[in-house]
Structure formats: C-alpha cells, structure tokens
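Visitor: The sequence and its predicted three-dimensional model are supplied below.
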Amino acid sequence: MPSLRRLSAVAALVGASLILGSCAATADSESPDPATGEVVWAIEGANLSAGHMDPQTSQLDVSGMVQRVVLDSLVFQEADGTFSPWLADSWEISEDSTQYTFMLRDDVTFTDGEAFDATAVKANFDRIVDPATESAQAASMLGGDFYAGTEVIDDHTVTVSFTQPYAPFLQAASTALLGFYSPAVLDAHADELKAGGPDVTVGTGPFLLSEYIPDQEIIYTRNADYTWGPNGALAPTFETLRVSILPEASVRAGVVTSGEADLASQLPPNVASTLGDDVSVESLEYPGLPYSLYLNEQYGVFADPLVREAFSRAIDIEPAVEEIFFDQFPRAWSILGSTTPGYNAGLEDTWAFDPDLANSLLDEAGFTEYDDEGYRVKDGDRLSARWIAWTPVPDDRAALANAIQQNLRDVGFEIVREVLEPGAYNEQYGPKTFDLTDWGYSGVDPDLLRNHLHTDGFQNASQVSDADLDALLESGVAATDPAQRASIYGEVQEWNAEHNAIVPLYSPSLITAVGDTVAGLEYDLYGRPLFYSVTVE
C-alpha cells in the first residue's frame, strides 16, 4: 500500500504562505475575468445539522473548517507562528498584555452590504461572551472570565481588554471561532446561526453561503468583491465551492477517485492508503490535545489514583495504534501533541505497557478477588467502568476501543462501552454520570489545557479540581515569554502523567485526498484546506 504523505504543520503553512504571497491574485494584480468552474469538496460533516453550523458556539472542528470560507479573522497566523494583517491592518499590545488595539481596514464589507468596522467587532465579541449565546470554546478563546470588554475607539479602531494578561489572544483571533458575522444578522437572526443557511451565515469571506441542504450539501458562491484576504489574496478564481456531506469514509474516497469530487477530507488511513496514483494524499498532524480517554475521578472507580494508573498501564497502545492506523498516526505520550508549542518531549517512553504493574496496582487498590467471569471484585462490587462515546464512531476508533477493552479484560477490569446519539450523550455528560469518555481536541495554543484540567474548565470531563494546577494554568495564560510558557505547560503535562486524569492514545491527522482537477490547494495549521489560490482545470 502507498504510504501517506505526512506534513509537519510548519511545512504546510510555509507552503500556504508562499502560495498566498506569490501565486494568489493580489490587490496589485489584475483580477481574472469572470470566474467559472466548481470545486466539490467531500467531508464527513457529522452533526453539522445538529446545531453546529456556527463556529462561535460549536465545539466541532468541522464547523470552523467549512465556515472558514465565510468568516474572516482579524489576523492571519503564519508558518513561524507570527501573525500578519487580515481584517486588521495593524495592532498594538499594551505592556502588560491586557489590551489589544486593532487598526482595521476601511474597505471591507459583509456580503449583505454592511460595513465591517469597530462596531462589528464589538458586536461579535460581546455576542460570544453573552451567557445567552451558550458559547463554550469560542468564549474560552476570547478569555472567558478574563474578557473585560471591547471598546470602539473610532470607526476603524477597536480595543479588546482583559482583566489580566492574556497571551493566547492573537492566536485565538486568527481562527474562524472568533470570525465575524454581519451585525445585521446578529440583530435579526442570531437565534438561527446554529442552524445556518443563506441570509443567515453572512460574513466578509471569499465565499457566501448560497444554499444549504442539511446532511447533504453546502453550496458556497464566490464573493466577487473580495480584496482583503491574507497576504493580499483576492476573490477566488472559481465560482462555486460545493461541500458534499458524506459520512461514510469509503464513499468519500470513492467520489474523489471517480472524479465526482475534487477533494475529500477527514479520511482514515486505511481508506486513504487504498487510493490510486491519480490522487495525492496529504496528512497533517493536528496540533492540540491528542485523541485521549478522560477518566472521571469524581464518579466511580477512577476516584482511586491506583485504579487510574493501572488503567493507563494496562493498555498496549503502540501496537494497536500502529496496526489500526497503518503506522500513520503516532502514539501519544503527553496531553499535547508533538506539533503543539510547549510539547514536553521528556515524557516520551516514560509510561510503557506494563500489565504486571497494572495487576499489582489493582491488588493494592483492594480488587483481589474474581467473579465467575474473571473480573476483579472488591466488597462484592465488580471492577467496572462505563465508557460513553459520541456517535458516529469511525471503524478505526471502534477497533481501537475493542483492543482497549480486551487489554483491560486481561487484568480483570470490565469496560462497558455505550455509543450514544448526541442528546443521550449530553444527558450523561452534563451531570458527569459516566466513568470515561473520549475525544481529541485541536488547537495551536497550549492554553487549551485550561479547558480540560482547570476546576472551571468547560471540558473538564475528568472533573479535576486541584488548586495548585489551577494556579499553574492561570499563570500560563498570563505569561508572554515563550520559554516561560513552555516551562509552565511542561509542568502541566508532567502533572497529568503522574495523576492520570487524561490518558493520551494517538495524535490524529486531518487526511485530505486531492484529485488532479485542482491546483494551488494549501492547508492551515490544523490541516484544513485553504482555497485562496485554488484553480480549477
């Protein structure tokens, strides 16, 4: 089988920067005569129709991935981690990093004709932090409780303030989650943004959403007036971006090999590795928190640290990941992926598979007897944990779950796995009436660990509450020196390695297969396609 082409985040963004800087139409070049052609992009798109069309409120990666073409940002993040102008021409940061003042472009309009200005910035940011909006991830990226407000200085100058130094803000401000809707939409259709659709999903981006059929397709049409893209990018050179929602990976692969689609994303390695030579395959490792298991220490058997450590040592991660993911996804050693700033490489090879140690720890925890089915028992209660998972579950992750269940079975630990529809999942996730759950979480800034491990973190599925850890995470938010931040988040990763609140398994990649009908496709740091420079044959 052909191996997938794995890209580092830096390599992908270097390519994107070069393309945007040299190949894209720029404000100084002549715009092509009227754009023609269509690009068809096949994606999984799971749960978009379940109220996840709004990146300001959704926590699904796919929401920001598809709506990036509509929602522009204040700044653009370059390959080296620095930031360049986008909707903001320039910016200033106060000495204590509590205020960010942006000087905005004066030539930007939303696709409904509304002007983009300082008032639009304030309206969007205030909407994100409004409790009625029920934003979690975007609100956290906007500082959460640290957000002090946005002040309109004049039509094209705006200051965003925080109650303490907030170092991650520029990175957050480069994402679609803090992108901008038309103020007219926020006034008239804010309650419809989660569902999305024409005249609702309205931004300043290179495309406008012209048609949406839930669970089938999203059609984006070229914004011919677009002249304010990053690095001078102008309106796209093709007319239509048709996003085809195909949950089955084999179907997505089939349409790109047959030519029915120009590219297909969110492919698993086993499917991507079967594609022929006429299709190029790009695999970019997600930055952020690897695909992991979250052990709920406030509910059930994982309250015992001995049981948590035994659980982590009983899983034979490396061979399972290598076999199931065709040696394309690296085994994770830490709660930050290796492409994430602040990754602690010192944790590599520090907690190997050790069933003898797992058995010893479970003995020490008092689970010394066995029932008729071979599971450990303590005081008449079986050693058992309930694992809830959000549907749909890809076949490869289901295979990994089966391997984990068998590993735990071998040391007498029962794992009961329940795959639940979103509503049923949230009924248990909200009150935390489960033992463990699973997900990966992409993000470029290590502050994402605050969401998962701070006492008040909105994704603290492990229900960790540790005052010293809280203080460490809060100091990471305030630190502006890169070396200091790396040291702080190195300590956070070491804390988890000892505490076993989160068990990292592997670092996934966003795999995209591209046919020979398009050229100029590049990727952002998350592995998501960028269409600024795409041409259609």
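Guide: Right, received. Where do you want to start?
Visitor: By mean pLDDT, flag the weakest helix or strand of the protein.
Guide: helix 9-18 (a mean of 37; mean pLDDT, DSSP states H and E).
Visitor: Okay, buried residues for whichever helix or strand comes after that helix please.
Guide: Downstream of helix 9-18, the next assigned helix or strand under DSSP states H and E is strand 38-43. Of all the residues in strand 38-43, those buried under the rule 16 or more other Cβ atoms under 10 Å are 39-43. Every C-beta, even on glycine, is put in place using the N, C-alpha and C of the backbone.
Visitor: isn't there a helix covering residue 160?
Guide: No: counting by DSSP: H, G, I helix; E, B strand; the rest coil, residue 160 is not part of a helix but strand.
Visitor: follow-up on the earlier one: export the buried residues of strand 38-43 as TSV, with columns for pLDDT and distance to residue 418.
Guide: Below are the buried residues of strand 38-43 laid out as TSV (pLDDT from 0 to 100; distance: Cβ to Cβ, whole Å):
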residue	pLDDT	distance to residue 418
39	97	39
40	98	36
41	98	33
42	98	30
43	98	27
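Visitor: what's the closest of the residues you listed to residue 226?
Guide: Closest approach to residue 226 among these (Cβ to Cβ): residue 39, at 15.8 Å.
Visitor: For that closest one, name its beta-bridge partners.
Guide: Residue 39 has these beta-bridge partners by DSSP bridges: residue 241.
Visitor: Pretty sure it sits against residue 535.
Guide: No: using Cβ atoms under 8 Å, residue 39 is not in contact with residue 535, being 9.6 Å away.
Visitor: okay, and the common contacts of the two?
Guide: 238, 518 (Cβ atoms under 8 Å, 6 or more residues apart in numbering).
Visitor: Quickly find the element holding residue 126.
Guide: Counting by DSSP H and E, residue 126 is part of helix 118-129.
Visitor: any idea of the mean pLDDT in the following helix or strand past that helix?
Guide: Tracing the chain past helix 118-129, the next element assigned as helix or strand by DSSP H and E is helix 137-141. Helix 137-141 shows a mean pLDDT of 95.
Visitor: next SSE after helix 137-141?
Guide: strand 147-154.
Visitor: Direction included, what does that following strand pair up with?
Guide: Applying DSSP bridges, one finds strand 147-154 paired with strand 157-162 (antiparallel).
Visitor: Report the inter-axis angle for the partner strand versus helix 118-129.
Guide: 20 degrees (axes from the mean of the first three to the mean of the last three Cα atoms, to 10 degrees).
Visitor: outside of strand 157-162, which residues touch it?
Guide: 97-104, 118, 121-122, 125, 143, 146-153, 169.
Visitor: Narrow the residues you listed to just the buried residues.
Guide: Buried, going by 16+ other Cβ under 10 Å: 97-104, 118, 121-122, 125, 143, 146-147, 150, 152, 169, out of these.
Visitor: Show which residue of this protein lies farthest from the average position.
Guide: Here the centre of the chain is the reference, and by Cα atoms, centre = their mean the most remote residue is residue 372, at 43.7 Å.
Visitor: Per-residue confidence, residue 351, what does it come out as?
Guide: 94.
Visitor: Kindly report the same for residue 5.
Guide: Residue-level pLDDT assigned to residue 5 equals 43.
Visitor: and residue 84, what does it touch?
Guide: Taking Cβ under 8 Å, 6+ apart as the test, what residue 84 contacts is 75-76, 78, 230-231.
Visitor: Bridged to it, which residues?
Guide: The partner residues for residue 84, given DSSP bridges, come to residue 76.
Visitor: Next, work out how far apart it and residue 151 are.
Guide: Shown here: residue 84 relative to residue 151, a distance of 24 Å by Cβ to Cβ, to the nearest Å.
Visitor: about what we covered before: got a markdown table for the contacts of residue 84, with neighbour count too?
Guide: What follows is these, written out as a markdown table (neighbours: other Cβ atoms under 10 Å):
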| residue | neighbour count |
| --- | --- |
| 75 | 25 |
| 76 | 23 |
| 78 | 20 |
| 230 | 23 |
| 231 | 20 |
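Visitor: quick check, nearest of those to residue 328?
Guide: residue 78 (26.7 Å).
Visitor: Got the phi and psi for that closest one?
Guide: Dihedral angles of residue 78 (phi, psi; degrees, to the nearest 10) stand at phi -90, psi 180.
Visitor: do you know how far it is from residue 524?
Guide: Distance from residue 78 to residue 524, by Cβ to Cβ: 11 Å.
Visitor: now residue 292
Guide: As defined by Cβ to Cβ, residue 292 lies at a distance of 23 Å from residue 524.
Visitor: Could you do residue 225 as well?
Guide: 23 Å.
Visitor: and if you look at residue 130?
Guide: 28 Å.
Visitor: Looking at these two, which one has more neighbours?
Guide: Neighbour count, other Cβ atoms under 10 Å: between residue 130 and residue 524, residue 524 has more, with 23 against 12.
Visitor: Grab the nearest non-local neighbour of the more buried one.
Guide: Spatial nearest neighbour of residue 524, chain neighbours left out: residue 530 (5.8 Å); criterion: Cβ to Cβ, 6 or more residues apart in numbering.
Visitor: Looks like the one you found contacts residue 512 (just checking).
Guide: No: contact criterion Cβ under 8 Å: residue 530 and residue 512 do not qualify, at 11.1 Å.
Visitor: which neighbours do these two share?
Guide: Common neighbours of residue 530 and residue 512 (Cβ under 8 Å, 6+ apart) are residue 523.
Visitor: Columns distance to residue 378 on top of the buried residues of strand 38-43, output as a markdown table?
Guide: Shown next, in a markdown table, are the buried residues of strand 38-43 (distance: Cβ to Cβ, whole Å):
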| residue | distance to residue 378 |
| --- | --- |
| 39 | 59 |
| 40 | 57 |
| 41 | 52 |
| 42 | 50 |
| 43 | 46 |
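Visitor: Closest one of the residues you listed to residue 438?
Guide: Residue 438 lies nearest to residue 43 out of these, by Cβ to Cβ, at 21.4 Å.
Visitor: Pull the contacting residues for that closest one.
Guide: So residue 43 contacts 62, 65-66, 243-246, 252, 264-266 (Cβ under 8 Å, 6+ apart).
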